[in-house]
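Novice: Next input, structure requested:
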Amino acid sequence: MVALPPGRLLGPVVLRALIRPSDAPVEVWRRPAGDDADAIDPGRFAPRFTAAVNQVRKLAGRSSVSLSDVESRRAAQLAGHYFAAAAGMGDPTAADRVALGMMAGWGLAGGVSRGHFSAAHASSERGPAGLVAAMMLRPSGRLAMVSDKVRTLAVGPLFVSGAPVAGVIVAGYEPFTAVDSEQGRQQVMELLQAARAAAGVGPARRLGEEFDAMAEEAARAVEGGGTVDDELEGLLFRAAHAVMGGGVRGLALYAADLADLELPEDVVRRPQLEIAVAVGAYRPPRHPWTSPIAYLLYVEPDAGTFAGNPSAAGQPPCSGGGPCEIAIAPESP
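Specialist: Down below sits the predicted model:
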């Protein structure tokens, strides 16, 4: 267990517990064995460390992870700064910046959905496997190395000449996997219908393929470099001309996983709901991680032009993690 000072990402360990899997008493605890001491070599360490991680993952029924050379070089450059800050030498928040920079995974191709960070130190005589064992004692270490969603590691060792201790910082990366359009739409609809059923409201109805196609067009435009707020506004204008009677309202919602989307109460509890849904990928500006995003378009009989637009309060739509919302009424005849 760690204690996090206000405003900090990292903090000191305040509690360690050794929990038995059964009631059988254990009188002796043996530290996991390390490997040969000559493996403490900057040129060999990261591959050996990754191999030791993969042995643990195999025991846990996980697939193997690969080593990112680009991010590992960055980690090796930053490891000294991290441990110096963690030891109280200089600005302690430098450790937070190192962790955030490594979690970002800027050097990885293909998109990252999440990054995790951990660090540990141990006797240099125990080698890479000993450092893996030390890191496995930390929840953050297990998350970074053994999570079933992690596929890539960055490993940055720190060796001090003549010192009996070695340290390592590690980042584990979950790749972003594009969601199939139809499967994503179905997943969001199932999430919505389940939420409405739990609220005691009847099921939502699909607005129609024409409106699904409009929402799909907005999703693809954002993936091609458009902004969410611009494309959502364009979607609402197009849909307002096509709907017969009333206006339309649109939402853009994103989360680390579609299953984690937080649906607004207005959508969940609206007695009558006709809705179109599209799903795409979204990486917010100056943000390292890519997330799935869902576009919801539904009829709003009493919508007024730009009602509920977050930019009206000085906050650009979708700049802070969603939802962003725009409502538009049809033109008068």
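Novice: residue contacts, the residue nearest to R283 when sequence neighbours are not counted?
Specialist: Using CB to CB, 6 or more residues apart in numbering and skipping the chain neighbours, the partner closest in space to R283 is T290 (4.4 Å). Heads up, the C-betas are built off the backbone N, CA and C, glycines and all. T290 sits next to G111, V112, S113, F176, A281, Y282, R283 when contact means CB atoms under 8 Å, 6 or more residues apart in numbering.
Novice: Surely the fourth one touches G111?
Specialist: When you say that, I think you mean F176. Yes. If you go by CB atoms under 8 Å, F176 and G111 touch, sitting 3.6 Å apart.
Novice: Name the residues contacting each of the two.
Specialist: A281, T290.
Novice: which element is the most centrally placed residue in the chain on?
Specialist: Closest to where the C-alpha atoms of the chain average out (CA atoms, centre = their mean) is R114, at 3.3 Å. Using DSSP states H and E, R114 sits in strand 112-123.
Novice: Flag every buried residue along that strand.
Specialist: Judged by neighbour count (16 or more other CB atoms under 10 Å), strand 112-123 contains these buried residues: V112, S113, R114, G115, H116, F117, S118, A119, A120, H121, A122, S123.
Novice: From those, pick the one nearest E216.
Specialist: Taking CB to CB as the measure, S113 is the one of these closest to E216, at 21.6 Å.
Novice: Any regions of the protein where pLDDT drops low?
Specialist: Across the chain, the ranges flagged by pLDDT under 70 are 1-5, 7-40, 244-246, 301-333.
Novice: Quick one: the helices in it, in order.
Specialist: 42-59, 69-86, 93-104, 127-136, 139-146, 181-198, 209-223, 228-242, 265-269 (DSSP state H).
Novice: So which of these is nearest A166?
Specialist: With CB to CB as the measure, helix 127-136 is the member of those nearest A166 (6.6 Å).
Novice: so what does that closest one touch, helix or strand wise?
Specialist: The elements that helix 127-136 packs onto, with contact taken as 3 or more CB pairs under 8 Å, 6 or more residues apart in numbering; DSSP states H and E, are helix 42-59, strand 112-123, helix 139-146, strand 165-175.
Novice: gap between the first one and the chain center?
Specialist: This means helix 42-59. Going by CA atoms, centre = their mean, to the nearest Å, the spacing between the C-alpha centre of helix 42-59 and its chain's C-alpha centre is 24 Å.
Novice: what sits up against that helix?
Specialist: Counting by CB under 8 Å, 6+ apart, the neighbours of helix 42-59 from elsewhere in the structure are 35, 39, 63-67, 72, 76, 127-129, 131-132, 136, 145-146, 153, 155-157, 159, 168, 170.
Novice: Same question for it: list its buried residues.
Specialist: For helix 42-59, the buried set under the neighbour-count rule, 16+ other CB under 10 Å, comprises F45, A46, R48, F49, T50, A52, V53, N54, V56, R57.
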